[in-house]
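Student: Predicted model follows, preceded by the sequence.
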Amino acid sequence: MAVIRLQREDFDIAAEQRALLRGRTDVGAVVTFTGICRGGEGTDAISAMTLEHYPGMAEEEIARHVATAERRWPLQGVVVVHRYGRLTPGDNIVLVITAAAHRGDAFAAAEFLMDYLKTRAPFWKSEERGEQKIWVEENAADAAAADRWITPARGRQAAE
Amino acid sequence: MAVIRLQREDFDIAAEQRALLRGRTDVGAVVTFTGICRGGEGTDAISAMTLEHYPGMAEEEIARHVATAERRWPLQGVVVVHRYGRLTPGDNIVLVITAAAHRGDAFAAAEFLMDYLKTRAPFWKSEERGEQKIWVEENAADAAAADRWITPARGRQAAE
Amino acid sequence: MKIVYFAWVRERVGKTDETVEPPASVRTVAELVAWLKDRGEEYAFAFENSAAIRAAIDRVHVKPDTALAGAREIAFFPPMTGG
Amino acid sequence: MKIVYFAWVRERVGKTDETVEPPASVRTVAELVAWLKDRGEEYAFAFENSAAIRAAIDRVHVKPDTALAGAREIAFFPPMTGG
């Protein structure tokens, strides 16, 4: 049921949401999250960002987290679209959509998925700052955000 | 900076989000929430819903909560569009968009605004069930959700 | 002072708004409700369960013990169900 | 077994993937890292801080003490920074 796509091209939020809702009258709440490439300022200014990913594993890892979200909350639909390649400030990076009868479930699942995409999905960002290309370092706040959701070990998937 | 609109007509999520982001490269996270009229099933089936509102106060009350959200989280933009009038299952009811540099702020502010719209904004839903028109009763879960955010009294606005 | 009604309070009272002149002894929202209830069956019905009634003065939510002094528009309505 | 590298691990090792035949004494992910580090400067550099290295076996995240038995594809990469 879930839509999971990795692509170079941009995505169309409205089209994805329309497809998710087509012909349904049981959905009461849709949450979308759009992650966007920030330009930064001053010494943090970047001219572009490149997203590298692990083909095959990225889709599978996202699918595992979507399955976890679907077990945890009564979801009626999930969309995850993650871009890769070179992006410039203002470009979309990632889209998560969750649909549920009630808003609390849609919000929680969207936030859960984003926290996990940030720290568990095999993507790596490098930023162009002037002439330099710099790998983005792991964000402690992101790691802590993902840890919020941890439940008893689920075997290999819970490793790291 | 915030966009607050009450209208009979449907809204266009993509257009609202585009307008919010136009010309900016400092936004890293956009959360949208869409509330949709559910059809219900069996004895809960509804054929339509009508939203009555208190013109003037509805805009002002939403603006107060948007201002509270803007004080509480570093937001770069907020959109609230609430429809009124008669809606049928599958129709959009309400749109909230929050933009921030970081996703945690955008998620928290969107959920805060929705919890308050549910319990504090002067709107009343009645549902058409067969030949009957039934006023929707206050939802205990919604009241509890709004209470999560309560901080020390802010005078009249904190009443009820 | 102008009073406006919404949702089933409006339906029970049978009007969307009206202008009333309560006596000076009516000083709070709760006292206004008590005074209105004596005006007729439709008011008694609308306000029969005061715990289910919400009020606003000049478009701001208020509690029953709020003073009416200076109020231009008072609204009565059930708990809100928007969003 | 096939090894794949990503991000700065790939850049330091200088290749995207390779097929290696470690001795039977190399039984875990951590032992494979130790064995790779002895293969040359580029490997020593890539794996100099083992706390900064993440691994996957057959596209599933694993810990350093995970056994290699049956693994077809082992991946090494830095902490992830997607989303």
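Tutor: Ah, there it is. Residues are numbered from 1 along each chain as shown, chains lettered A, B, ... in the order given.

Student: can you pull the contacts of C:Phe45?
Tutor: Going by Cβ atoms under 8 Å, 6 or more residues apart in numbering or on different chains, C:Phe45 touches C:Arg12. C-beta: built from backbone N, CA, C; applies to glycine.

Student: Which of the three states applies to it?
Tutor: With DSSP: H, G, I helix; E, B strand; the rest coil as the basis, the three-state label of C:Phe45 is helix.

Student: mind checking pLDDT for A:Glu160?
Tutor: pLDDT, A:Glu160: 37.

Student: Nearest spatial neighbour of C:Phe59, chain-adjacent residues omitted?
Tutor: Just to correct that, residue C:59 is Arg rather than Phe. B:Met57 (3.7 Å; Cβ to Cβ, 6 or more residues apart in numbering or on different chains).

Student: For the one you found, give me the pLDDT.
Tutor: Reading off the model, B:Met57 has pLDDT 98.

Student: can you check C:Lys15 too?
Tutor: As predicted, C:Lys15 sits at a pLDDT of 97.

Student: residues touching A:Lys118, list them.
Tutor: Counted by Cβ under 8 Å, 6+ apart, A:Lys118 has contacts A:139, A:142, A:145-146, D:80-83.

Student: interface residues of chain C facing chain B?
Tutor: C:4, C:6-8, C:54, C:56, C:59-63, C:66, C:75, C:77-83 (Cβ under 8 Å from any Cβ of the partner chain).

Student: Take the contacts of A:Lys118 and keep only those in helices.
Tutor: A:142, A:145-146 (DSSP state H).

Student: per-residue pLDDT, residue 35?
Tutor: Since no chain was named, I'll use chain A. 98.

Student: my bad, the chain I had in mind was chain C
Tutor: For C:Trp35, pLDDT reads 97.

Student: So it lies in a helix, does it not?
Tutor: Yes: counting by three-state DSSP, one finds C:Trp35 located in a helix.

Student: do you know how far it is from C:Ala55?
Tutor: 13 Å (Cβ to Cβ, to the nearest Å).

Student: Of all the residues in chain A, which one is nearest chain D?
Tutor: A:Phe123 (2.7 Å; Cβ to the nearest Cβ).

Student: show me what contacts that residue?
Tutor: A:51-54, A:58, A:82, A:84, A:117, D:80-83.

Student: cool, and A:Val27?
Tutor: Contacts of A:Val27 by Cβ under 8 Å, 6+ apart are A:20-21, A:76-77, A:99-101, B:36, B:38.

Student: thinking A:Phe33 is in contact with B:Ala110, fair?
Tutor: No: A:Phe33 is beyond contact range of B:Ala110, at 9.5 Å (criterion: Cβ atoms under 8 Å).

Student: Give me the helices and strands touching the lowest-mean-pLDDT helix or strand in chain A, please.
Tutor: Within chain A, no helix or strand scores below helix A:140-147, which has a mean of 81 by mean pLDDT, DSSP states H and E. Judged by 3 or more Cβ pairs under 8 Å, 6 or more residues apart in numbering or on different chains; DSSP states H and E, helix A:140-147 is in contact with helix A:103-120.

Student: and the helix it packs on with helix B:103-120, angle?
Tutor: If you take axes from the mean of the first three to the mean of the last three Cα atoms, to 10 degrees, helix A:103-120 sits at 180 degrees to helix B:103-120.

Student: Now do the helix or strand just after helix A:103-120: distance to the chain's middle.
Tutor: Sequence order places strand A:123-129 as the next helix or strand after helix A:103-120, per DSSP states H and E. The chain centre lies 16 Å from the centre of strand A:123-129; the measure is Cα atoms, centre = their mean, to the nearest Å.

Student: Identify the residue nearest the residue in chain C that chain B sits nearest to in space, chain neighbours excluded?
Tutor: Per Cβ to the nearest Cβ, C:Gly82 is where chain C lies closest to chain B, at 2.7 Å. What sits nearest to C:Gly82 in space, not counting adjacent residues and going by Cβ to Cβ, 6+ apart, is B:Phe123, at 2.7 Å.

Student: what's the answer for A:Glu9, then?
Tutor: A:Arg83 (7.5 Å).

Student: Tally up the residues packed near that neighbour, please.
Tutor: Neighbours of A:Arg83 under the rule other Cβ atoms under 10 Å in any protein chain shown: 24.

Student: again with A:Ser47
Tutor: 13.

Student: Give the bridge partners for the spatially closest residue to it that is not a sequence neighbour, please.
Tutor: Excluding its sequence neighbours, the residue lying closest to A:Ser47 (Cβ to Cβ, 6+ apart) is A:Glu128, at 4.8 Å. Going by DSSP bridges, A:Glu128 is paired in beta bridges with A:Ala48, A:Lys133.

Student: Give me the distance between A:Glu128 and A:His82.
Tutor: Taken as Cβ to Cβ, the span from A:Glu128 to A:His82 is 20 Å.
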